[in-house]
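In: Sequence plus the predicted model coming up.
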Amino acid sequence: MSAESTKGLPNRRDFLTTSAAVVATGLAAGYPTLAAATRPTSPEPFPGAADATPHRVIIDTDPGVDDALAILLAFRSPELKIEALTPVAGNVPLEFTLPNALRLVEIAGRSDVPVAAGASAPLIRKLVTAAYAHGENGFGGVEFAAPKTKPVTESAPELIRRIVRASPGEISLLVLGPFTNIALALRLDPGLAKQIRRIVFMGGSLSGGNITPSAEFNIYVDPEAAHIAFHSGIPMTMVGLDVTRKVQLSDAHIKAIEAAQNPSAQAAGRILRSTMNRIQKMTPGSTAGPTMHDSLAASVLIDPSILTMEDYFIDVETQGQLTAGETLGYKRFPIRRSPPLELATTPAFGEKQATGAVPPASEPFHPNAQVAIQVDTEKFFRLLVGRLTA
Ligand code: BDR
Ligand code: CA
């Protein structure tokens, strides 16, 4: 399926020229202002243990081994009410992530939850996948029966829009893949940003990447889409590699999951065992198992005490030939941008004098995201294994 043929989605060539309203800060129009990013990241938006009202969540995802675990965890957590799954191309192409999402709702016994097809390619870039980590089918090579459940007829951006608009301020997005669907939803309806309660996402890093030295995979795949989300004014919670690198399952965890009899644990056990075997083939002698990036992001909506957060202003590099997808976190320092490229040239070398504005020496620091900086790994594993095996 091409990007152009994906139902309800725009022609990608048109995207950047027609999305100026959404990209109020401008990808190419000079220096982004912080105006859009002024909604407070505090107070703590997550339900406490005593809060009996489930947090209403749409899961945007590219399943994916760790996506599968996150989704099964979410379905088995009464703190959450899953409103929809919106698969996107990422770890593997949409032709796999869409049926995988449908299989997961069936495995969880929740075929009542709508699944809508999302984007089959990033906004303007070619899709890069991570089949090396997730297997060609996204489930570590484990084959499940074809799903009987069908996707809804709306596209992912349309479904996100409809659900959010029906309950303004109540719906959070749990984003476990590239931000393409989210950017498309905001393009479809620029007023939507103000009605989204929060975006919790797995992605980014303040301590180096996993697909390049500077970029984390989800942001690397579609940096323009992530840039739109970060500048949308929606409060963001970033669960990046800084913490997710620390949650690798052990063989004992996998054995405990395999021993449980419920369909979610059985499916998770098969996917994890196959992934563990693949890791051991690639890195003989390794004892570390699959990294639970996406489940850790889901866990913050279930038990916020698992992660320690700090406020940052996060921006995304979209221009760098080597660094696109890097997330930069401003904390103590005012935001300083790079000078226009032309300023590096001089008339002495026959170059024309730069005419672009020199970036201001400083812009005040306004956080747009809570960033997870520490994780209680034991508490997380207790939650994940406990919920899957209960
Ligand atoms: C992220 O990229 C994907 O491979 C995983 O599913 C996770 O969402 C980790 O960088
Ligand atoms: Ca993912």
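Out: Cool, got the structure. Numbers count the residues shown, from 1 in each chain. Ligands and ions are numbered 1, 2, ... in the order given.

In: For Phe96, what is the enclosing helix or strand?
Out: Following DSSP states H and E, one finds Phe96 within helix 94-107.

In: what sits up against that helix?
Out: Helix 94-107 is touched from outside by 1, 6, 61-64, 68, 71-72, 75, 85, 87-92, 111, 113, 115, 117-120, 136-139, 144-151, 177, 263-264, 267, with contacts defined as Cβ atoms under 8 Å, 6 or more residues apart in numbering. C-beta: built from backbone N, CA, C; applies to glycine.

In: Which among these count as buried?
Out: Using 16 or more other Cβ atoms under 10 Å as the burial test, these include 6, 61-64, 68, 71-72, 75, 85, 87-92, 113, 115, 117-120, 137-139, 144, 147, 149, 151, 177, 264, 267 as buried.

In: which ones among those residues come in contact with ligand 1?
Out: 64, 91, 177 (Cβ under 6 Å from any ligand atom).

In: State the pLDDT value of the first one.
Out: Model confidence at Gly64, expressed as pLDDT, equals 96.

In: That one contacts Gly140, correct?
Out: No. Assessed by Cβ atoms under 8 Å, Gly64 is found out of contact with Gly140, at 9.7 Å.

In: Between the two, which contacts overlap?
Out: Between them, Gly64 and Gly140 share the contacting residues His134, judged by Cβ under 8 Å, 6+ apart.

In: And the average pLDDT for stretch 275-294 is what?
Out: If you average the pLDDT over stretch 275-294, you get 92.

In: next one: stretch 214-234
Out: Mean predicted lDDT for stretch 214-234 stands at 98.

In: mind listing what whichever residue of the stretch 251-390 of the chain sits closest to ligand 2 touches?
Out: Residue nearest to ligand 2 within the stretch 251-390 of the chain (Cβ to the ion): Asp294, separated by 4.8 Å. By Cβ under 8 Å, 6+ apart, the residues touching Asp294 are 61, 64, 66-67, 69-70, 176, 202.

In: A helix includes it, no?
Out: Yes. Asp294: assigned to a helix according to DSSP: H, G, I helix; E, B strand; the rest coil.

In: Using the three-state scheme, assign the closest residue to it other than its chain neighbours.
Out: In this structure, Asp294 finds its nearest non-sequential neighbour in Ala70, 3.8 Å apart by Cβ to Cβ, 6 or more residues apart in numbering. Here Ala70 is recorded as helix under three-state DSSP.

In: sorry, back to before: export the ones next to ligand 1 among the buried ones among the contacts of helix 94-107 to JSON lines and tack on secondary structure?
Out: Below are these laid out as JSON lines (three-state DSSP):
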{"residue": "Gly64", "secondary structure": "coil"}
{"residue": "Asn91", "secondary structure": "coil"}
{"residue": "Gly177", "secondary structure": "coil"}
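
In: can you pull the pLDDT of Ser338?
Out: Note on Ser338: pLDDT of 79.

In: measure it to Leu328 for me?
Out: Plainly put, Ser338 is 11 Å away from Leu328 if you go by Cβ to Cβ, to the nearest Å.

In: Next: Pro178.
Out: For Pro178, the distance to Leu328 - Cβ to Cβ - is 18 Å.

In: Okay, and Pro157 sits in which element?
Out: Using DSSP H and E, Pro157 sits within helix 156-166.

In: for that helix, packing partners?
Out: Other elements packing on helix 156-166 under the criterion 3 or more Cβ pairs under 8 Å, 6 or more residues apart in numbering; DSSP states H and E are strand 55-61, strand 80-87, strand 171-175, helix 180-188.

In: Just say which of the ones you listed is most tucked in.
Out: Of the helices and strands packed on helix 156-166, the one with the most neighbours on average (mean count of other Cβ atoms under 10 Å) is helix 180-188, at a mean of 28.

In: Show me what the mean pLDDT comes to for that helix.
Out: The average pLDDT within helix 180-188 is 98.

In: ditto for stretch 109-126
Out: Mean pLDDT, stretch 109-126: 98.

In: Just the terminal-to-terminal distance for that stretch.
Out: This stretch, stretch 109-126, spans 35 Å end to end (Cα to Cα, to the nearest Å).

In: got it, and stretch 364-371?
Out: In stretch 364-371, first residue to last residue: 19 Å (Cα to Cα).

In: One more: stretch 193-207?
Out: One end of stretch 193-207 sits 28 Å from the other (Cα to Cα).

In: Thank you kindly, that will do.
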